[in-house]
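In: I'd like to go over a predicted model; first the sequence, then the structure.
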Amino acid sequence: MPISNQLLVAIHSTDDGEITLAKAARIAVSLDAALHVVRVVHETFADLTLHEVETREALKSAVLRDAEDEVLEMIAAWQADAPKTVSMSCSVVWQTRDWPVILAIAEQIDADLIIKSMASSTLGFIRTPSDWHLLRHSTCPVMLVTPINWTQRPNIIAAVDASHDEPSALCDSILNNAQQLTAILRGQLHVASAFPSVERWLGPISVAIDFNKVRDNVQKQTDQNIEALTARLKITGAHAHSREGEPANVITGLCHALDAQILVVGTAQSTGPKMILLSNTAEQILQQVRCDVLVVVAAQAEPQLELEPKPKVQA
């Protein structure tokens, strides 16, 4: 199974943390997995002088203690009404940036999945710089979630590239993770793929060509490729969707039309200088969709470069 033993849950505060924890626990209950909750805190004491070190340290300890108490209370509240016991632990860490801490702890506990709450604004749910760093550098799947509960049987979309019939490790990973989530949440799986605009693909030399016929043939082939992908992985009951257009626009439109609650996408993470970038299509999709997103990463052929020293994660 793609997700199995250990989940890491990264929260900002108790406001977003309760629903994020509930979503992670719903997955953990099904898998008998353990949960580790991480909260990174930091306060700037600008009004203190350099000679007030003891006061500064006392305030820091108080902030950490209060944050840990809040996390422990949140865990206890969930466990009190839990349908099944789930092993839960937590870390509260003092750092200015959360994503290096999250990645360091994920490596320490050998996390199969990182679940992180998204920030919200008047424009909806936003991906912060921390989210982008986490997605670009994580070697395990990352799920960015909104503070909105899942329904009993959510629609889940797996976005794949079915424009060709060649096997793809990334497509397999996307579909396997999406199928597992569908089984855990008892949802409905949809497999979606875009195919390029026929007019742009054929070019100006194709004036006499019947574009509608070509479009129908391309869509039929894309549907057949989706069917072959799911059949090879023994996935049944999935609805196939193929649409003409740019992948980001197609997938975003389908998420809205199907009222999807989770979108599963993939990115091929590079090594060296290129590793700081997500694939262009994945990044465009992430900028547009407003549902929860699970991002899976293709298998690495080479070890990643160390971009900066790993932070100490002791509270």
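Out: Received it, and whenever you're ready, just let me know what you need.
In: buried set for stretch 246-260?
Out: 247-248, 250-255, 258, 260 (16 or more other CB atoms under 10 Å). For glycine as for every other residue, the C-beta is placed from the backbone atoms N, C-alpha and C.
In: mind saving the C-alpha coords of it as CSV?
Out: Taking C-alpha atoms only, stretch 246-260 is exported to CSV below (Å, rounded to 0.1, in the frame of the first residue of the first chain):
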residue,chain,number,x,y,z
GLU,A,246,-4.6,22.7,-21.2
PRO,A,247,-4.2,20.2,-18.4
ALA,A,248,-4.5,22.8,-15.6
ASN,A,249,-7.7,24.2,-17.0
VAL,A,250,-9.2,20.7,-17.7
ILE,A,251,-8.4,19.4,-14.2
THR,A,252,-9.6,22.5,-12.4
GLY,A,253,-12.8,22.5,-14.4
LEU,A,254,-13.5,18.8,-13.6
CYS,A,255,-12.8,19.4,-9.9
HIS,A,256,-15.5,22.1,-9.9
ALA,A,257,-17.9,20.2,-12.0
LEU,A,258,-17.7,17.0,-10.0
ASP,A,259,-17.5,18.8,-6.6
ALA,A,260,-14.3,16.9,-5.9
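In: so the nearest residue to R97 once chain neighbours are set aside, which of the three states?
Out: Counting by CB to CB, 6 or more residues apart in numbering, S130 is the residue found nearest to R97 once chain neighbours are left out, at 6.8 Å. Put simply, S130 is helix when judged by DSSP: H, G, I helix; E, B strand; the rest coil.
In: S130: what's it in contact with?
Out: Going by CB atoms under 8 Å, 6 or more residues apart in numbering, S130 touches 97-99.
In: same check, this time on T182
Out: If a contact means CB under 8 Å, 6+ apart, then T182 has 156, 188-189 as its contacts.
In: of these, grab the buried ones for PyMOL.
Out: Selection command for PyMOL covering only the buried members of the contacts of T182, criterion 16+ other CB under 10 Å:
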select buried, resi 156+188+189
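In: and the contacts of T182, which of them are in helices?
Out: Per DSSP state H, helices hold no members of these.
In: domains in this structure, as residue ranges please.
Out: 1-149, 150-300 (automatic domain parsing).
In: how far does the first one sit from the chain's center?
Out: Distance of domain 1-149 from its chain centroid, counting by CA atoms, centre = their mean, to the nearest Å, is 14 Å.
In: ranking helices and strands of this protein by mean pLDDT, which lands last?
Out: One helix or strand of the chain scores below all others by mean pLDDT, DSSP states H and E: strand 124-126, with a mean of 53.
In: mind listing the residues bridging to the residue nearest the centre of the chain?
Out: For the chain, M143 is the residue whose C-alpha lies nearest the centre (CA atoms, centre = their mean; 2.4 Å). Legend: beta-bridge partners of M143 under DSSP bridges are I115, L294.
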